[in-house]
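Colleague: following is a predicted model, sequence given first.
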Amino acid sequence: MAIIHPFKGWLPKTDKADEVACVPYDVISTEEAAEMANGKPDSFLYVIRPEIDLPEGTPFNDDSVYEKGAENLKRLLNSDIYEQDERHAIYLYQLESGDHIQTGVFTCASVEDYDNDVILKHELTRPDKEDDRTRHILTQEAHAEPVMLTFRDTADISFHIEKITLTVPPLIEHKGEGGVIHRIWKTYSTVDFVEGFAAIPNLYVADGHHRCKSASRVAEELRKKSGAFPGESEFEYFPVVLFPMDQMRILPYNRVIKKITSEQFEKLKSDFGLTPTDEKEPAEKGRVSIYTHGKWWSMNLPEAKGSDTVSTLDVARLQDGLLEPLFGIQNPRTDDNISFVGGIRGTAELEKLVNTGKVELAISMYPTSIEELIDVSDNGELMPPKSTWFEPKIKSGFIVHTF
């Protein structure tokens, strides 16, 4: 049984949405955030990436960063840009990218569900990133960005979504990067959704593991301070967008290796069956395309080391069968010789990185499927880092949850 919690969201006025909407904090660097916010004084980037509002070189975890983020959020919410709903509501969020459309329920999920594995995870979290997001939430007294969750849809929930989206115009319609159209609806008829999700046994984290864990840590800390019981305070809930899993689109999460030796390259050709190809994106599971020395090459991945779902993932077969034995990359989370490139940037980005000398080898992956993610989560397993790239991304700044 999944708990959802309608809330009094802070929304930008219809004519102000374009001024504040921005990409999530974790898909861009500080430098990219500063460039995107240039000339946009009300961009939500000043809330989620407040270091861009401070002297260059300010550490991301300096006290001034968290204080500036809280200051910038307070300024926006107290301006004529945002208004808070006077009643508890549920919101709908639709993403349209070309011929792909997905519509989710924007509400709050329960920290208790996260802690008790009603909300299932598939990735480990890093303590430093947990610490950072936890401090932002505590200082701002708000969850500024939603988490993307997915669920097995039911006819009941689909009916209630369509009853709104097909009959009522959206409150907000925003055309974002890449031509993606973002639409927001609102309803005060929340009981149908609450009851509908009460029949859903599990929710699954798609994107936002650190935000989930940080919300849990915030609730635990504030519970101790206030003496409140689990579930009775607003800080026990955090904003999520719940998308049906059959609407989710996963792109590959590609890998780049900064340095390789001539011996490693020769061994790659001789021992791993590397062959020249025009195939920049692998056509099927179990294959990768590699760009190095100005050419594209194709390769079958080594056999899985185990029969469990995680071992059979392409990212695991790559790590276990190639990256560790040939390049000595034992922990891709911490090894400086490997980086990750989201599939939305395409193979042209991989070629650019190699051709400009920033890296020496790029690996184009076949995407992990939503079925694999669900199987891993249901089995209580964990995927290797950077296994999935969900696209299109939900944007920040449309709805804020305060407590």
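Modeller: In hand now; what should we look at?
Colleague: which element is the closest residue to H160 other than its chain neighbours on?
Modeller: Leaving out its chain neighbours, the residue that sits closest to H160 by CB to CB, 6 or more residues apart in numbering is D192, at 4.8 Å. The way it works is simple: take the backbone N, C-alpha and C, and place the C-beta from them, glycine included. For D192, the enclosing helix or strand under DSSP states H and E is helix 191-198.
Colleague: give the buried residues for that helix.
Modeller: For helix 191-198, a neighbour-count test (16 or more other CB atoms under 10 Å) marks F193, G196, F197 as buried.
Colleague: could you check how far the first one is from E86?
Modeller: When you say that, I think you mean F193. Between F193 and E86 the distance is 19 Å, computed by CB to CB, to the nearest Å.
Colleague: who does the helix or strand following the helix holding D192 touch, helix- and strand-wise?
Modeller: Heading C-terminal from helix 191-198, the first helix or strand you meet, by DSSP H and E, is strand 203-207. Contact analysis of strand 203-207 by 3 or more CB pairs under 8 Å, 6 or more residues apart in numbering; DSSP states H and E lists strand 119-120, strand 147-151, strand 237-244, helix 370-378 as its packing neighbours.
Colleague: so what touches strand 203-207?
Modeller: Outside strand 203-207, the residues that touch it by CB atoms under 8 Å, 6 or more residues apart in numbering are 2, 109, 113, 118-123, 147-151, 212, 240, 242-243, 245, 248, 373-374, 377, 388, 390, 393.
Colleague: now it: average pLDDT?
Modeller: Looking at strand 203-207 alone, the average pLDDT works out to 96.
Colleague: repeat for stretch 341-357
Modeller: Mean pLDDT, stretch 341-357: 96.
Colleague: buried stuff in it?
Modeller: Neighbour counts using 16+ other CB under 10 Å place V341, G342, G343, I344, G346, T347, E349, L350, E351, L353, V354 of stretch 341-357 among the buried residues.
Colleague: what's the answer for stretch 53-68, then?
Modeller: Along stretch 53-68, the positions that meet the burial threshold by neighbour count (16+ other CB under 10 Å) are D53, T58, V65, Y66, K68.
Colleague: alpha carbons of it, as PDB, please.
Modeller: Presented in PDB, the C-alpha positions along stretch 53-68 are these (Å, rounded to 0.1, in the frame of the first residue of the first chain):
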ATOM      1  CA  ASP A  53      25.300  33.500  -6.900                       C
ATOM      2  CA  LEU A  54      28.600  33.600  -4.900                       C
ATOM      3  CA  PRO A  55      32.200  34.400  -5.700                       C
ATOM      4  CA  GLU A  56      33.800  32.000  -8.200                       C
ATOM      5  CA  GLY A  57      35.600  29.200  -6.500                       C
ATOM      6  CA  THR A  58      33.200  29.000  -3.500                       C
ATOM      7  CA  PRO A  59      33.100  25.400  -2.400                       C
ATOM      8  CA  PHE A  60      29.800  23.700  -3.100                       C
ATOM      9  CA  ASN A  61      29.400  22.800   0.500                       C
ATOM     10  CA  ASP A  62      30.400  26.100   2.100                       C
ATOM     11  CA  ASP A  63      27.900  27.400   4.700                       C
ATOM     12  CA  SER A  64      27.300  30.400   2.500                       C
ATOM     13  CA  VAL A  65      26.000  28.200  -0.300                       C
ATOM     14  CA  TYR A  66      23.200  26.800   1.800                       C
ATOM     15  CA  GLU A  67      22.400  30.200   3.300                       C
ATOM     16  CA  LYS A  68      22.200  31.800  -0.200                       C
END
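Colleague: tell me the secondary structure for L350?
Modeller: Under the three-state scheme (DSSP: H, G, I helix; E, B strand; the rest coil), L350 adopts helix.
Colleague: what's the spacing between it and S364?
Modeller: Plainly put, L350 is 6 Å away from S364 if you go by CB to CB.
Colleague: overlap in contacts, those two.
Modeller: A shared contact of L350 and S364, defined by CB under 8 Å, 6+ apart, is any residue touching both; here these are N254, Y291.
Colleague: hmm, back to that, for the helix holding D192, which outside residues touch it?
Modeller: Judged by CB under 8 Å, 6+ apart, the contacts made with helix 191-198 from elsewhere in the structure are 1-4, 6, 90, 105, 107, 151, 154, 156-157, 160, 187, 242.
Colleague: likewise for stretch 172-184?
Modeller: Under CB under 8 Å, 6+ apart, the answer for stretch 172-184 is 11-12, 14, 17-18, 21, 23, 91-98, 106, 165, 170-171, 344, 392, 394-395, 398-399.
Colleague: make it 7 Å
Modeller: Outside of stretch 172-184, the residues that reach it under the criterion CB atoms under 7 Å, 6 or more residues apart in numbering are 14, 17-18, 21, 23, 91, 93-97, 170-171, 392, 395, 398.
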